[in-house]
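Chemist: next input, structure requested:
(one chain, ligands or ions: 1)
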Amino acid sequence: MRLSENLALIASFQFRLAGRFDCHVYALRGPEGVVLIDAGGGREQDRLFAHLDAAFPGTPVTDLVLTHTHPDHALGAAGVRRRTGCRVWAPALTRAIVETGDEAACGLAGAKEAGMYPADLMFEPCPVDADYRDGAAFTAGGLAFEPILVRGHSPDAHSFAVTLDGRRSLFAGDVVFYGGVIGLINAPGSDMAGYRADLCKLSGRGIDALFPGHGLFTFEGGQRHIDCAVDLVRKGFIPRTVGQWDTIF
Ligand SMILES: [Zn+2]
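Modeler: All right, here's what the predicted structure looks like:
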């Protein structure tokens with residue numbers, strides 16, 4: 001589904017686009033190819049690629065950028081890499097988890113125990129081709145990405161500031177969502193201390209478009225949604241969290 005000239009949403013369980021275990025998977029078309037933000041859960045990947053082909057026919061996927069290692073974002077990485085030959089980007093903290101398919105560390109084991117994921121859903125190990133790190137801009141597909149580490153949803157959660165189709169855009173992963181909702185969850189690796197330390201890094205960035213890993217997105221005024229959460233955290237409060245927002249899954 002094309003969202004703008006060079007942006008498409010190619011998987012999302014929430015919008016019934018591709019598979020049951022897919023976060024929002026965004027495809028960004030740059031001058032040198034298509035960059036995927038996250039890989040989804042890996043099942044029904046044929047549908048993901050059908051949506052990609054419909055949006056940007058004939059444009060090769062050069063890069064896959066993982067925002068974090070949770071199963072609905074990272075399990076599909078090996079399949080995407082095998083099918084496209086793209087480079088997979090992840091921070092150093094994430095590399096060991098992705099390259100070994102560590103189901104405990106990525107949250108899959110706990111999610112299976114909780115009944116959120118089926119027992120036969122596996123984390124296929126995926127080689128990581130390139131590291132990114134907080135604050136160090138890199139180029140993929142001919143587009144400039146600025147990774148911003150915001151702990152709190154997970155220890156490795158990054159958002160990416162990118163200028164696309166004339167809009168300063170934030171691909172937020174599960175760090176912050178439309179309406180100032182944050183990704184604090186009751187799972188290992190998620191804690192308010194991370195948000196207290198890092199969420200303020202997203203303020204003052206003049207973000208137009210906010211594209212989170214789940215839920216609604218917006219093309220204008222994205223910074224207001226972010227600042228809503230930042231202001232509450234600064235004042236000592238806990239913003240609404242994904243657990244209080246029942247439309248995600
Ligand atoms: Zn997550």
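Chemist: wait, what's in contact with the spatially most central residue of the chain?
Modeler: Closest residue to the average C-alpha location of the chain: G173 at 3.2 Å, with CA atoms, centre = their mean. Applying CB atoms under 8 Å, 6 or more residues apart in numbering, one finds that G173 lies in contact with 37-38, 67-68, 73, 153, 157-160, 183, 212-213. Heads up, the C-betas are built off the backbone N, CA and C, glycines and all.
Chemist: now stretch 203-220: mean pLDDT?
Modeler: Averaged across stretch 203-220, pLDDT comes to 97.
Chemist: ok, the residue nearest to the centre of the chain to the ion distance?
Modeler: 7 Å (CB to the ion, to the nearest Å).
Chemist: over to the residue lying closest to that residue once chain neighbours are set aside. Which of the three states is it?
Modeler: Leaving aside its sequence neighbours, G173 sits nearest to T67 (CB to CB, 6 or more residues apart in numbering; 3.1 Å). Counting by DSSP: H, G, I helix; E, B strand; the rest coil, the backbone at T67 sits in coil.
Chemist: mind listing what's buried in the top helix by length along the chain?
Modeler: The single longest helix within the chain, with elements called by DSSP state H, is helix 222-234. Neighbour counts over helix 222-234 (16 or more other CB atoms under 10 Å) mark G222, Q223, H225, I226, D227, C228, A229, V230, L232, V233 as buried.
Chemist: also stretch 181-190?
Modeler: Quick answer for stretch 181-190 (16+ other CB under 10 Å): V181, I182, G183, L184, I185, G189, S190.
Chemist: let's have those in a markdown table, adding secondary structure, pLDDT and distance to the ion.
Modeler: As requested, those are exported to a markdown table (DSSP: H, G, I helix; E, B strand; the rest coil; pLDDT from 0 to 100; distance: CB to the ion, whole Å):
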| residue | secondary structure | pLDDT | distance to the ion |
| --- | --- | --- | --- |
| V181 | coil | 96 | 13 |
| I182 | strand | 97 | 12 |
| G183 | coil | 97 | 6 |
| L184 | coil | 96 | 11 |
| I185 | coil | 93 | 8 |
| G189 | coil | 93 | 9 |
| S190 | coil | 96 | 9 |
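Chemist: nothing else from me, thank you.
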